[in-house]
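J.: Sequence plus predicted model, see below.
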Amino acid sequence: MVIKTREIANVVVFDIDGEIRRTDTVQETLHGLVESQLDRGRRNILFNLGGVEFIDSFGVGQILASYISVQKVGGKLKLCRISNKLLLIFQITMLHKVLDIQEDCDRALDSFGKP
């Protein structure tokens, strides 16, 4: 998994490529990266999952833990560019009813509102 972080207006965007899964060499978790942004006062987070090929239960847990952490501080976490395969996983787990999933990243960014 490769994660690039960028900031657009008042939103921190995580561009994620590869697989979100538990490995023996996990050094920094997705949730840990979100927590560090929250510690810096950033409350709006967008996961761009367009480059994600696979997610396991650990990865789903990382996204859910990130969502909960963001909610606790009054922020918003949204997901964009999810493949049909990943969307199916979120539908099976019923997380599509909890998470704000947007087809397009530009629309997702607009939905955060102005700073």
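T.: Cool, got the structure. Residues are numbered from 1 along each chain as shown.

J.: What segments of the chain are helices?
T.: Shown for the chain, the helices assigned by DSSP state H span residues 30-39, 57-72, 84-92, 105-111.

J.: which one of these lies closest to residue 47?
T.: With C-beta to C-beta, the closest approach to residue 47 among these belongs to helix 57-72: 6.9 Å. Where C-beta positions appear, they are placed from N, C-alpha and C, glycine not excepted.

J.: Can you give the distance from that closest one to the centre of its chain?
T.: 8 Å (C-alpha atoms, centre = their mean, to the nearest Å).

J.: In the chain, which residue is most central in space?
T.: residue 47 (3.3 Å; C-alpha atoms, centre = their mean).

J.: What distance do you get for it to residue 79?
T.: Going from residue 47 to residue 79 by C-beta to C-beta, to the nearest Å gives 5 Å.

J.: same deal with residue 102?
T.: From residue 102 to residue 79 the distance is 7 Å (C-beta to C-beta).

J.: any shared contact partners between these two?
T.: Both residue 102 and residue 79 are contacted by residue 108, under the criterion C-beta atoms under 8 Å, 6 or more residues apart in numbering.

J.: For residue 38, grab the count of nearby residues.
T.: If you count neighbours by other C-beta atoms under 10 Å, residue 38 ends up with 18.

J.: Compare residue 102 and residue 79 (neighbour count), which wins?
T.: A direct count of neighbours by other C-beta under 10 Å for residue 102 and residue 79 places residue 79 higher, at 26 against 18.
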